[in-house]
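**Student:** got a predicted structure here, sequence first:
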Amino acid sequence: MTAAVPILYVGGTGRTGSTVLDRMLGNVPGVFAAGELTWLWFALRSGGRCACGARHVDCRVWGPVLLATFPEDFGNPDAMAEVADEMFALRRRFDSRYLPVMGLPGAKQALTSRLGPYPSRLASLYRNLLEHTGAELIVDSSKEPHYSSILAARAELDVRFLHLVRNPQATAYSWARRRTELGFGVGHEMERRGPISASIYYDVSNVAADALWSGGDRYLRVRYEDLVASPDDTLRRIGRFAGLVIDPEVALGRQAADRKRSAPGHAAWGNPNRFATGPVTLRNDDEWERNAPRSMRTWTRLLAGPVGRRYGYSSRSDTQRGSGLAAT
């Protein structure tokens, strides 16, 4: 029997530093950092680009993988556009809108039954990605807890969930900032959220991640602030969880185990940092402490504060408390 495809899934909510972590893990020999694979279909139908700068169908990684997954459609732009549209539409049948009801009896089964060929095609995609790259592990930083549950239900995939959390005040501030999405080759503003929307998304995504994954040996919680403060220890613990030996100097790009450090990555989607090459710069990014409006702080504290306290973030001091890494 063919071994299941090993996947380290970075999950939680947005604006937690997952793209930076994805880049670090992608520097490790034997690891392929796929970026936010759940958004591949959006990128294909919108003319987005891989982190290497090429369109996915022209990329030396994604082109062959898409060909192997959709052999009858690849090479025909109209047919591939239909594939992307169909996969994107199927994805929306089980997206973040449904997270609040997933805990209801039978809800998850009812939602997944609507997905048609989507799960089996995903399993083929990950298999082809592993075989084409020769990787030992795929890192998928899609973050969405519901998407991870689709992958985990496939016997062909062996998924471990790394729950990346961050101070809710920091994520709310990051959501509010204007940022340019570079994946379309032209200026395009990234999605923004106000403090109420960002806080609700923080709560729902993190509570869902806990509900779906915590309590077993396939779950590890990592605080972004601890990754910044103690990258060596944090990366080694992530390595032990994922079954890897991680040299922090290599992961941070300070020392090259091969040519990965200076070469562009192939993250399918993610924030603009995915286009960066060279050593990875870690910073706490505490601009919110100085510049976040009082109204943003108040709404975030009221709405996301209780969930944030689960991870050691208090209302007044949000970075120094908590145990850092916790496997629960």
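**Tutor:** Here it is on my side, so go on.

**Student:** which residues touch the lowest-mean-pLDDT helix or strand in the chain?
**Tutor:** Among the helices and strands of the chain, helix 107-112 carries the lowest confidence by mean pLDDT, DSSP states H and E, at a mean of 87. Contacts to helix 107-112, defined as CB atoms under 8 Å, 6 or more residues apart in numbering, come from residues Arg93, Phe94, Tyr98, Val101, Met102, Pro119, Ser149, Ile150, Ala153. In this view, the C-beta of every residue, glycine as well, is placed from N, C-alpha and C.

**Student:** tell me who's in contact with the fifth one.
**Tutor:** This means Met102. For Met102, counting by CB under 8 Å, 6+ apart, the contacting residues are Lys108, Leu111, His146, Ala208, Ala211, Leu212.

**Student:** ok, the fifth one to Arg223 distance?
**Tutor:** Separation of Ala211 from Arg223 (CB to CB, to the nearest Å): 19 Å.

**Student:** the most centrally placed residue in the chain: what secondary structure?
**Tutor:** Most central in the chain under CA atoms, centre = their mean is Ser141, positioned 2.0 Å from the mean C-alpha point. Applying DSSP: H, G, I helix; E, B strand; the rest coil to Ser141 yields a three-state assignment of strand.

**Student:** so what's it up against?
**Tutor:** In this structure, Ser141 makes contact with Tyr9, Val10, Ser18, Thr19, Leu21, Asp22, Ala33, Ala34, Gly35, Glu36, Ala267, Gly270, judged by CB under 8 Å, 6+ apart.

**Student:** which members of these occur in strands, if any?
**Tutor:** Judged by DSSP state E, the contacts of Ser141 include Tyr9, Val10, Ala33, Ala34, Gly35 as members of strands.

**Student:** beta-bridge partners for the last one, please?
**Tutor:** With DSSP bridges applied, Gly35 shows beta-bridge pairing to Asp140.

**Student:** these two touch, right, it and Ala51?
**Tutor:** Yes - using CB atoms under 8 Å as the test, Gly35 is close enough to Ala51 to be in contact (6.6 Å).

**Student:** what is in contact with the two at once?
**Tutor:** In the contact map built from CB under 8 Å, 6+ apart, the residues linked to both Gly35 and Ala51 are Gly265, His266, Ala267, Ala268, Gly270, Arg274.

**Student:** per-residue confidence for the first one?
**Tutor:** Spelled out, it's Gly265. The predicted structure scores Gly265 at 94 on the pLDDT scale.

**Student:** now render the contacts of Ser141 as JSON lines, adding neighbour count and distance to Gly134.
**Tutor:** Output for these, formatted as JSON lines (neighbours: other CB atoms under 10 Å; distance: CB to CB, whole Å):
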{"residue": "Tyr9", "neighbour count": "26", "distance to Gly134": "20"}
{"residue": "Val10", "neighbour count": "26", "distance to Gly134": "22"}
{"residue": "Ser18", "neighbour count": "26", "distance to Gly134": "24"}
{"residue": "Thr19", "neighbour count": "25", "distance to Gly134": "23"}
{"residue": "Leu21", "neighbour count": "25", "distance to Gly134": "22"}
{"residue": "Asp22", "neighbour count": "26", "distance to Gly134": "19"}
{"residue": "Ala33", "neighbour count": "29", "distance to Gly134": "14"}
{"residue": "Ala34", "neighbour count": "30", "distance to Gly134": "14"}
{"residue": "Gly35", "neighbour count": "28", "distance to Gly134": "18"}
{"residue": "Glu36", "neighbour count": "25", "distance to Gly134": "22"}
{"residue": "Ala267", "neighbour count": "26", "distance to Gly134": "18"}
{"residue": "Gly270", "neighbour count": "25", "distance to Gly134": "22"}
